[in-house]
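Peer 1: task: produce atomic coordinates for the following.
(one chain, ligands or ions: 1)
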Amino acid sequence: WLVSRPSDRRYAPGPAPKPVLGNILAMPAQGDIPAFERCRERYGDLVYFHGLGYKVLVINTMKAITDLFEKRHSNYSDRPAFTVVGELMRLGQSTPLLSYNDEWRIHRKLAHSALGPNAIRQYYHIQEDLAALLSQQFLEAPEKFVDHVRLAAARVVLSITYGLSVDKADDEYVTQAEDTMRMISKATVPGAFLADVFPFLKYLPSWVPFQRHARHGREMIETLVTKPFEYVKEQMRAGVAPPSLAHHLLSEYDKGDIDHQIKWATGSLYGAGGETSYATTLTFMMAMALHPEKQRLAQEEIDRVIGSERLPTINDRSQLPYVNAVIKETMRWNPAVPMGLARMVSEDDVYEGYLIPKGTIVLPNCWAVAHERRGPYEPSEFVPERWLTGEGDDAPVDPAMWAFGFGRRLCPGKPLAENSVFIFISTLLSVFDISLPDEGKLEPKFTQGLISYPLPFNCKITPRSASKVAQVSYRAAHCTV
Ligand code: HEM
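Peer 2: Sure, this is the predicted structure:
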């Protein structure tokens, strides 16, 4: 590498480049899995796109992801910058978009102290209460199940992050937060704004339409992170703040200069934690409607292990191997974050003989890892049994190794999210039969975007027994959230 001439340095393969434009326009749109799959089949494990100032490397194997994101983490832990949403709307201060710098290290320290496996024990009852409330809403209006799951995922994050009661969260925060998230997910699609491609456009005057849009976005984001945070501080001053992440951090780090980081570290959690948990739970519901025989096996396990006289709790998790296999298979069948969260290379690097220049955006193709052909079962089929056959070369890579990201930027909400997903899924399995709708077909189709979840679908949700209905109603009526 050191003695070769620049012309000898090879980039990883990719579509044939055109003059000036390179091959960047041949890069599949965000979340277009079939197109990324075609590129992988044609060009191999590493695929390189470049042009218009962008350099993008897609990595399609667990080995390459581990080699780069874990073994060479100091060079692969930065994030690409978004001129409009990151800089002008100021979302660049949130944990997922922060550069790999000291500010980010403070965020991670705060997140670890509040979201570590021991710290989250105090939130078990909140997650269990919210799973019961979700079931109660399924009993009352089963046709609105998508809205209920979305609301439940939002409530978990808002209750745990800020100690907001369900009514207060629903009335004052969820709608605003959902609107803000919709705005952010549109704004983070690469090329959503010309100023992301040509950053000098950010200096255009404030009356230019995209600048007005950016100002409006900035106000929405500022409200999302500031309003609930100020509410917690007010409650702490009055001595009535319930336990929450924000409360925990404000008490532990009682210093004015870290206030800003606590506000943004906690404010980042709604966006990072709500939609991913929602996507996983909804994918599970679709899989159950399509595979009643798997659902029955999971329900039999729950009835056998915990009986039918009570609802599951988070402490039951280790006792339910088949339910855990259903959860792993849900995460594998349709990964919630199929192309991971992009990284940016800090310094020129060489991997497998290919040059990866500084500034290259690297996308881990988690979908390809999830659907790699291994063992006796078809990757496209929903088969929880593939997780019960023991370890070996044949076993697929466990979603715990890739679904929550990698290395230094591994999702700090992983332990909390695993509990949320477990308690939602096991409670729904315990209380309901989810089946195909009486009319119409159910085709497994998913959204294409940073987060992937089922496209609108119908299913039938029927309580399994009067006793289960009574258990749900009792717990929902005695909720402390
Ligand atoms: C099923 C649920 C979830 C999934 C699948 C998921 C997945 C991910 C992934 C793939 C990343 C990118 C990591 C990387 O770049 O390697 C990430 C980052 C992150 N997640 Fe999660 N997540 C989930 C739930 C949560 C929850 C509940 C929270 C918080 C309460 C959370 C907070 C975060 C934060 C703050 C980051 C940014 C980390 C950083 O950039 O340093 N996530 N998550």
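Peer 1: flag the shaky bits of the stretch 1-150 of the chain, pLDDT-wise.
Peer 2: 1-9 (pLDDT under 70).
Peer 1: so which residues on it come close to the ligand?
Peer 2: 95-96, 108, 111 (C-beta under 6 Å from any ligand atom). From N, CA and C alone the C-beta is placed, and that goes for glycine too.
Peer 1: among the residues you listed, which lie within strands?
Peer 2: Members of those lying in strands (criterion: DSSP state E): none.
Peer 1: of those residues, which is the nearest to Ala214?
Peer 2: Relative to Ala214, the closest of those is Pro96; by C-beta to C-beta it sits at 19.1 Å.
Peer 1: quick check: the gap between the closest one and Asn419.
Peer 2: 21 Å (C-beta to C-beta, to the nearest Å).
Peer 1: cool, and Pro437?
Peer 2: In terms of C-beta to C-beta, Pro437 sits 30 Å off from Asn419.
Peer 1: and for Tyr322?
Peer 2: 18 Å.
Peer 1: residues of stretch 364-382 that come out buried?
Peer 2: 364-371, 375, 377, 379, 382 (16 or more other C-beta atoms under 10 Å).
Peer 1: which residues touch that stretch?
Peer 2: 33, 36-37, 40, 58-62, 65, 69, 287, 290-291, 294, 329, 331-333, 335, 337-340, 343, 383, 385-386, 389, 393-397, 399, 402-403, 406 (C-beta atoms under 8 Å, 6 or more residues apart in numbering).
Peer 1: let's see which of the buried residues of stretch 364-382 end up in strands.
Peer 2: Going by DSSP E, the strands hold Pro364 from the buried residues of stretch 364-382.
Peer 1: give the buried residues for stretch 214-221.
Peer 2: So for stretch 214-221, counting by 16+ other C-beta under 10 Å, buried means 214, 217, 220-221.
Peer 1: with only the CA atoms kept, save that stretch in PDB.
Peer 2: C-alpha atoms of stretch 214-221 as PDB (Å, rounded to 0.1, in the frame of the first residue of the first chain):
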ATOM      1  CA  ALA A 214     -35.200  24.500   8.700                       C
ATOM      2  CA  ARG A 215     -36.200  27.100  11.300                       C
ATOM      3  CA  HIS A 216     -39.600  25.500  11.800                       C
ATOM      4  CA  GLY A 217     -37.800  22.100  12.200                       C
ATOM      5  CA  ARG A 218     -35.400  23.600  14.700                       C
ATOM      6  CA  GLU A 219     -38.300  24.900  16.800                       C
ATOM      7  CA  MET A 220     -40.000  21.500  16.800                       C
ATOM      8  CA  ILE A 221     -36.900  19.700  17.900                       C
END
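Peer 1: count of neighbours near the closest residue to Leu98 other than its chain neighbours?
Peer 2: Distances taken as C-beta to C-beta, 6 or more residues apart in numbering place Trp104 nearest to Leu98, at 4.1 Å, with adjacent residues excluded. Residues near Trp104, counting by other C-beta atoms under 10 Å, number 21.
Peer 1: following the helix or strand containing Trp104, which helix or strand shows up next?
Peer 2: Applying DSSP states H and E as the criterion places Trp104 in helix 102-115. Elements were assigned by DSSP H and E; along the chain past helix 102-115, the next helix or strand is helix 124-140.
Peer 1: just the pLDDT for the residue nearest the centre of the chain.
Peer 2: Among the residues of the chain, the one closest to the centroid is Thr276, at 3.4 Å (C-alpha atoms, centre = their mean). Looking at Thr276, its pLDDT reads 92.
Peer 1: what's the separation between it and Thr330?
Peer 2: Thr276 is 12 Å from Thr330, by C-beta to C-beta.
Peer 1: with Ala279 instead?
Peer 2: 10 Å.
Peer 1: go on, Trp367?
Peer 2: From Trp367 to Thr330 the distance is 14 Å (C-beta to C-beta).
Peer 1: okay, now the nearest residue to Ala195 once chain neighbours are set aside: neighbour count?
Peer 2: With sequence-adjacent residues excluded and distances taken as C-beta to C-beta, 6+ apart, Ala195 is closest to Leu201, at 4.0 Å. By other C-beta under 10 Å, the residues close to Leu201 number 16.
Peer 1: relative to Leu194, how far out is Leu201?
Peer 2: In terms of C-beta to C-beta, Leu201 sits 6 Å off from Leu194.
Peer 1: which neighbours do those two share?
Peer 2: By C-beta under 8 Å, 6+ apart, the residues touching both Leu201 and Leu194 are Phe210.
Peer 1: contact partners for Ser251?
Peer 2: Taking C-beta under 8 Å, 6+ apart as the test, what Ser251 contacts is Met236.
Peer 1: same check, this time on Tyr453
Peer 2: Per C-beta under 8 Å, 6+ apart, neighbours of Tyr453: 275, 278-279, 282-283, 334, 336, 446-447.
Peer 1: of those residues, list those near the ligand.
Peer 2: Answer for the contacts of Tyr453 near the ligand (C-beta under 6 Å from any ligand atom): Ala336.
Peer 1: closest one to the ligand out of the contacts of Tyr453, please.
Peer 2: Ala336 (4.4 Å; C-beta to the nearest ligand atom).
Peer 1: doesn't that closest one fall inside a strand?
Peer 2: No: according to DSSP: H, G, I helix; E, B strand; the rest coil, Ala336 belongs to no strand; its state is coil.
Peer 1: how many neighbouring residues does Phe36 have?
Peer 2: 23.
Peer 1: how about it, nearest residue that isn't a chain neighbour?
Peer 2: Pro28 (5.1 Å).
Peer 1: for that neighbour, what are its contacts?
Peer 2: Taking C-beta under 8 Å, 6+ apart, one finds 35-36, 39 in contact with Pro28.
Peer 1: the ligand: which of those is nearest?
Peer 2: Phe36 (16.1 Å).
Peer 1: that closest one contacts Val58, correct?
Peer 2: Yes: under the criterion of C-beta atoms under 8 Å, Phe36 makes contact with Val58 at 6.6 Å.
Peer 1: anything in contact with each of the two?
Peer 2: 339, 365.
Peer 1: how about the residues of the stretch 251-400 of the chain by the ligand?
Peer 2: Counting by C-beta under 6 Å from any ligand atom, the stretch 251-400 of the chain sits next to the ligand at 268-269, 272-273, 276-277, 280, 336-337, 340-341.
Peer 1: circling back: just give me the closest of the buried residues of stretch 364-382 to Gly14.
Peer 2: Asn365 (13.7 Å).
Peer 1: quick check: the closest one vs Met285, distance?
Peer 2: Taken as C-beta to C-beta, the span from Asn365 to Met285 is 26 Å.
Peer 1: so where's the stretch 151-300 of the chain uncertain?
Peer 2: 169, 189-192, 254-256.
Peer 1: can we see that at 90?
Peer 2: Flagging of the stretch 151-300 of the chain using pLDDT under 90 yields the residue ranges 154-155, 164-217, 243, 252-258, 270-275.
Peer 1: helices of that one, start to end?
Peer 2: Ranges of helices within the stretch 151-300 of the chain are 166-168, 175-187, 194-197, 209-237, 245-252, 259-290, 292-306, based on DSSP state H, counting those that start in this stretch.
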